[in-house]
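Asker: here's my sequence, what's the structure:
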Amino acid sequence: MRLKSPRILPVPEAEWNEAQRSQLAPMAARGPVLNVFKTIARDSEALKAFMSWGGYILSRRNALAPREREIVVLRTGFLCRAGYEWAQHVPIGMRAGLTSEEIEHIKRGASAPGWNALDRALLDASDELHRDQFIGDATWAALKTHLSDKQCMDVVFTAGQYTQVCMMLNSFGVQLDAGQVLDPDFEAP
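Answerer: Purely as a prediction, here's the structure:
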C-alpha cells in the first residue's frame, strides 16, 4: 500500500446523504460496501459516472473473456503498485480461471513461463499502455491474431479504466476491506 491511512475517508453508512444512499444501498443489500465505493461516494456524481463505466468493463458487454480481462486488470494493478486493486482482483481472477501460479506470473509479465501467445500479447499490451499510453505495432498485430477489433478496443478500455482506478486508490489512500490481506509485494518501501 502506498499510504498507511486514507487521505479521503470512506463515508460511513450512518452519514450517507440521499444521493449516496440511493447509489450505495443496493450494494449494501448484497453485503458490505467496499471502501473504494464509500470513498468515491464523497462525490455522488463521480460515483454515478464511475459505476456506469466500471459496470461496462466488468460486464459481458466487454468482449474480452473474463480470464483475459483479469490478466489486463491484474497486470495494470501490479504496474501501478495498487495493493487494494490487487487484493480485490486476485479472487476475481481466480474465479475467471487464472491459477495461483499464473497470478504470481502476472507480476513478472510476458517473460514468465507458461503463457500462451494471447496471454503474452495481453501482458505486453498492458505494459505498453502503462509505459507509453500506446500499443506498438508488434503487440497490436499479436493481439489481432487472436482478438476482434472490439476485443482490442476493450483491452485499451480495461487498462485505461484500471489505471484510473489505481490512481484513485493510491492517491486517496483507500485501505483494504475487512478480511483482506495485503500481498507482500505491495508493502510500502
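
Asker: excluding chain neighbours, what is closest to residue 160?
Answerer: Counting by Cβ to Cβ, 6 or more residues apart in numbering, residue 129 is the residue found nearest to residue 160 once chain neighbours are left out, at 7.3 Å. Yep, even glycine has a C-beta here, placed from its N, CA and C like the rest.

Asker: so what's that neighbour up against?
Answerer: For residue 129, the contact set (Cβ atoms under 8 Å, 6 or more residues apart in numbering) comprises 76, 135, 156, 159, 160, 163.

Asker: swap in residue 17?
Answerer: Taking Cβ under 8 Å, 6+ apart as the test, what residue 17 contacts is residue 44.

Asker: now the helix ranked longest in the chain: buried residues?
Answerer: Longest helix in the chain, counting residues (DSSP state H): helix 149-172. Residues of helix 149-172 classed as buried: 151-152, 154-163, 165-166, 168-170, 172 (neighbour count, 16 or more other Cβ atoms under 10 Å).

Asker: hang on, isn't residue 181 packed against residue 87?
Answerer: Yes - using Cβ atoms under 8 Å, residue 181 is in contact with residue 87, at 7.1 Å.

Asker: so which of these two has more stuff around it?
Answerer: Set side by side, residue 181 and residue 87 show more neighbours around residue 87, with 19 against 8, by other Cβ atoms under 10 Å.

Asker: for the more buried one, which non-adjacent residue is closest in space?
Answerer: residue 180 (4.5 Å).

Asker: ok, that neighbour - how many residues close by?
Answerer: 17.
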